[in-house]
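[1] okay, here's the prediction I keep looking at, along with the sequence it came from:
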Amino acid sequence: MPLARSLSVTSLSGLEEWDEEFDREDAVLFEIAWEVANKVGGIYTVIQTKARLTCEEWGENYFLVGPYMESSVRTQVELIEPCNATLRRTIDKMNSSGCKAYFGRWLIEGSPYVILLDVGFTAWSLDRWKIELWENCSIGVPWFDREANDAVLFGFLTAWLLGEVCTQCDEPPHIVAHFHEWLAGLGLVLCRQRQLPVATIFTTHATLLGRYLCAGSVDFYNKLAEFNVDKEAGDRQIYHRYCLERAAARCAHVFTTVSQITAIEAEHLLKRKPDIVTPNGLNVKKFSAMHEFQNLHAQSKARIQEFVRGHFYGHLDFNLDKTVFLFIAGRYEFSNKGADLFLEALARLNYLLRVNHSEVTIIAFFIMPARTNNFNVETLKGQAVRKQLWDTAQTVKERFGKKLYESLLVGQLPDVSKMLDKEDFTMMKRAIFATQRQCLPPICTHNMLEDSSDPILNCIRRIGLFNSAQDRVKVIFHPEFLSSTSPLLPMDYEEFVRGCHLGVFPSYYEPWGYTPAECTVMGIPSISTNLSGFGCFMEEHIADPSAYGIYILDRRYRGVDESCNQLTSFLFQFCQQSRRQRIIQRNRTERLSDLLDWRYLGRATGFRYPRPASVPPSPAHSLHSSPHHSEAEDEEEPYDEDLEVEKDRVNIRQPFNLPNRNKNQTVGLPEKN
């Protein structure tokens, strides 16, 4: 998706013109990011998922550069000797000069080479490098900002590494260095300031100032051109960070962002128009049969239902077979991620379901990490009660089965009224008595350290969704990332997503949006917005996104109340779908996964999914006026999955076959005699 080239950087010195026909076999790619083998946020997912494809394209000429984090290296990296003599000399020279650099393979798909730089070991140079940064670039970094201090150390170490590689090469190499985000951006600035023969790329996944402004509840997108960026950054005490980010964007030979919406933002806040938009992708695992991912959904849904049985013990007065699971997940940014809009829409949805006497129950999960000190006792008790009930039922079942067996052995039909004795009834009555609770099911699964000021909990108190029997919408706030080792909800995030029916991500600030993308490749419908990179990307490539289970909420041209009403409408319509309609929609959603595969992104342009071939075009467009309709009505809807898939495939361009480069044949760094 190329944009207009920024003419302001064509005159920057430091790199000779490359022959357009140069062989990429002689080029080396360094990809530099703070999240290489160090999981912090979404950039980790970007690099991890595209590593295999990049290794296939660049072979042994591809190196990732990141910080050395001992806890991560212990489990994620295999330390080895450098594969190339030039790199070996480079690392040896740096280590003998007061630095600690490590070389290894990152144990992910593709097994890319990594160079890890220990910023803590070089902290003694921080003051000296800060002075150099001020004298050469006029950027001052305060002593109290630890994250910015790490960025200074990492930037100087990265520039040191690239400069040493250039020195150790006998012939001028073709070196490309790709820097991600402001934490790695200083290395790019120093490469240009020192005029190293390195072609530089800078990718911003989200501007610093944009994230802070949106969190402050300003009318961000309508006032983009009006902000005094220096004053706004200074008011938020991030001016030094902003300067590092802006300098990297301005100095890069090629500046990229992950979406069109972020490109507009970067042009106004970083004062440079991106040269190209590079959407984020995923490693898509294709199933051999359509029903496989549907089976995974059913299995994961059953595990979520078990958790719900325990969480709502004593108040389980709703039918789990008619319960729809919604969820929102990600960084705890209450407004930026749209949690405020989601909660307001849930309150309105609760009203609609009640006045329509709907039998559908909604359970909305909020998976957002916050400060806690432990699990909620009442929540843990719920799971213990559920297990106790299960054990009691198993005991009674075994006793019943033994009596039935003995009756059949003597050739008599059992007297059902005598199969359960007084002891059995006493045991069951005790189990039922244990399920009595005087309080409502808890909203939050953990003890919050800042309960009184927590945005989600305060909003729930305001709208009155307390999981009462009258409410058709229930809320569960899980302020911790999911883990398969949790004693409460032992599921990985991927398993949990597969078990839900709909992901809801009504973000106000979302440069890309991996959460709805992950839903898509797992065949789970989702709600996104036209202010997210993912939402804009889907609108560009799909004629009717909602027909494929991708609902795009308008938050750019509507007021908050209008957007909330639209979100409520999406949720209410989704609740009215029958089980068969949801299965059809999941099939269609999963077919979009090719659209997000790294193999397609950057290769196939201009393709567009048509509306589905079946009639009606989508369950969302064939809704009945009331949620009370029979399954028999659905059977009359003509739908041929195989025919629809085949027609969709005609409109999708297959990715090119990537050449598999022999890793033993080429090494891009020339040897020095």
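    Looks like it came in fine. Being a predicted model, the structure only gives us computed values, none of them experimental. Residues are numbered from 1 along each chain as shown.
[2] quick one: low-confidence parts of the chain?
    Scanning the chain with the threshold set as pLDDT under 70 gives 1-24, 172, 286-290, 602-607, 613-673.
[3] switch to 80 and redo it
    1-26, 170-173, 217, 285-291, 416-418, 434, 601-673 (pLDDT under 80).
[4] helix/strand/coil for the closest residue in space to Arg309 that isn't next to it in sequence?
    Take Arg309 and drop its neighbours on the chain: the residue closest to it by C-beta to C-beta, 6 or more residues apart in numbering is Arg386, 5.2 Å away. Heads up, the C-betas are built off the backbone N, CA and C, glycines and all. Counting by DSSP: H, G, I helix; E, B strand; the rest coil, the backbone at Arg386 sits in helix.
[5] likewise Asn374?
    Per three-state DSSP, Asn374 ends up strand.
[6] for beta bridges, what are the partners of it?
    Asn447 (DSSP bridges).
[7] returning to what we had before: tally of neighbours for the residue nearest to Arg309?
    20 (other C-beta atoms under 10 Å).
[8] from Ser483, how far out is it?
    Arg386 is 19 Å from Ser483, where distance means C-beta to C-beta, to the nearest Å.
[9] picking up where we left off before, correct me if wrong: the residue nearest to Arg309 contacts Gly314.
    No: using C-beta atoms under 8 Å, Arg386 is not in contact with Gly314; the gap is 10.8 Å.
[10] tell me the contacts of the residue nearest to Arg309?
    Contact analysis of Arg386 by C-beta atoms under 8 Å, 6 or more residues apart in numbering lists Glu306, Arg309, Gly310, Tyr313.
[11] mind running it again at 7 Å?
    Counting by C-beta atoms under 7 Å, 6 or more residues apart in numbering, Arg386 touches Arg309, Gly310, Tyr313.
[12] in whichever strand or helix holds the first one, what counts as buried?
    If I follow you right, that is Arg309. Per DSSP states H and E: Arg309 is located in helix 290-311. With burial defined by 16 or more other C-beta atoms under 10 Å, the residues of helix 290-311 counted as buried are 293-294, 296-297, 300-301, 303-304, 306-311.
[13] would CSV of the residues you listed with distance to Ser217 be doable?
    Below are those laid out as CSV (distance: C-beta to C-beta, whole Å):
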residue, distance to Ser217
Phe293, 39
Gln294, 41
Leu296, 39
His297, 37
Ser300, 36
Lys301, 36
Arg303, 38
Ile304, 33
Glu306, 39
Phe307, 34
Val308, 34
Arg309, 39
Gly310, 38
His311, 33
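[14] please work out how many residues are found near Gly559.
    Around Gly559 there are 9 residues (other C-beta under 10 Å).
[15] show me the helices in the stretch 251-400 of the chain, by range?
    Using DSSP state H, counting those that start in this stretch, the helices of the stretch 251-400 of the chain run over 260-269, 290-311, 339-355, 377-409.
[16] I'd like to know which elements the first one is packed against.
    Based on contacts counted as 3 or more C-beta pairs under 7 Å, 6 or more residues apart in numbering; DSSP states H and E, the elements that helix 260-269 packs against are helix 208-215, helix 533-541.
[17] CA atoms only for the next helix or strand after the longest one - export them in PDB, please.
    Same thing as helix 533-541. Later in the chain than helix 533-541, the nearest helix or strand by DSSP H and E is strand 550-553. Taking Å, rounded to 0.1, in the frame of the first residue of the first chain, the C-alpha atoms of strand 550-553 are listed here in PDB:
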ATOM      1  CA  ILE A 550     -16.800  -8.700  11.000                       C
ATOM      2  CA  TYR A 551     -19.000  -5.900  12.400                       C
ATOM      3  CA  ILE A 552     -17.500  -2.400  11.800                       C
ATOM      4  CA  LEU A 553     -18.600   0.200  14.300                       C
END
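[18] the next helix or strand after strand 550-553 vs helix 339-355, what angle?
    Under the assignment DSSP H and E, the closest C-terminal helix or strand after strand 550-553 is helix 560-575. For helix 560-575 against helix 339-355, the angle by axes from the mean of the first three to the mean of the last three C-alpha atoms, to 10 degrees is 50 degrees.
[19] what helices or strands is helix 560-575 leaning on?
    helix 339-355, strand 550-553.
[20] so which of those is nearest Ile524?
    strand 550-553 (10.6 Å; C-beta to C-beta).
[21] sheet partners, orientation included, of that closest one?
    Here, using DSSP bridges, strand 550-553 pairs with strand 526-529 (parallel).
[22] show me the contact partners of the partner strand.
    Contacts of strand 526-529 (C-beta under 7 Å, 6+ apart): 502-507, 513, 516, 519-520, 534-535, 550-553, 555, 567, 570.
[23] next one: that strand to chain centre, how far?
    Distance of strand 526-529 from the chain centroid (C-alpha atoms, centre = their mean, to the nearest Å) equals 13 Å.
[24] ok, stretch 295-311 next?
    Using C-alpha atoms, centre = their mean, the offset of stretch 295-311 from its chain centre is 22 Å.
[25] for stretch 569-586, same thing?
    Its chain's average C-alpha position is 24 Å from that of stretch 569-586, according to C-alpha atoms, centre = their mean.
[26] what about that stretch, start to end distance?
    From its first residue to its last, stretch 569-586 covers 19 Å (C-alpha to C-alpha, to the nearest Å).
[27] what comes up buried for that stretch?
    In stretch 569-586, counting by 16+ other C-beta under 10 Å, buried: 569-578, 581-586.
[28] tell me the SS of the residue nearest to Val254 when sequence neighbours are not counted?
    Spatially, and ignoring its direct neighbours in sequence, Val254 is nearest to Ile201 (4.6 Å; C-beta to C-beta, 6+ apart). Classification of Ile201 using three-state DSSP returns strand.
[29] tell me the contacts of Ile201?
    Per C-beta under 7 Å, 6+ apart, neighbours of Ile201: Val176, His178, Phe179, Ala252, His253, Val254, Thr256.
[30] go through those and flag which are in strands.
    Val176, His178, Phe179, Val254, Thr256 (DSSP state E).
[31] show me what contacts the fourth one?
    In this case it means Val254. Counting by C-beta under 7 Å, 6+ apart, Val254 has contacts Ile201, Asp275, Ile276.
[32] hmm, back to that, by neighbours, which of the ones in strands among the contacts of Ile201 wins?
    Counting by other C-beta under 10 Å, top hit in the ones in strands among the contacts of Ile201: Phe179 with 28 neighbours.
[33] wait, doesn't it sit right on Gly185?
    Yes: counting by C-beta atoms under 7 Å, Gly185 is a contact partner of Phe179 at 5.6 Å.
[34] ok, and what's touching stretch 261-269?
    With C-beta under 7 Å, 6+ apart as the criterion, stretch 261-269 contacts 3, 204, 206-207, 209-210, 224-225, 229, 249, 257, 272-274, 277, 511, 531, 533, 536.
[35] buried among those? Need that as a selection in PyMOL.
    This is the PyMOL syntax for the buried subset of the contacts of stretch 261-269, where burial follows 16+ other C-beta under 10 Å:
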select buried, resi 3+204+206+207+209+210+229+249+257+272+273+274+277+511+531+533+536
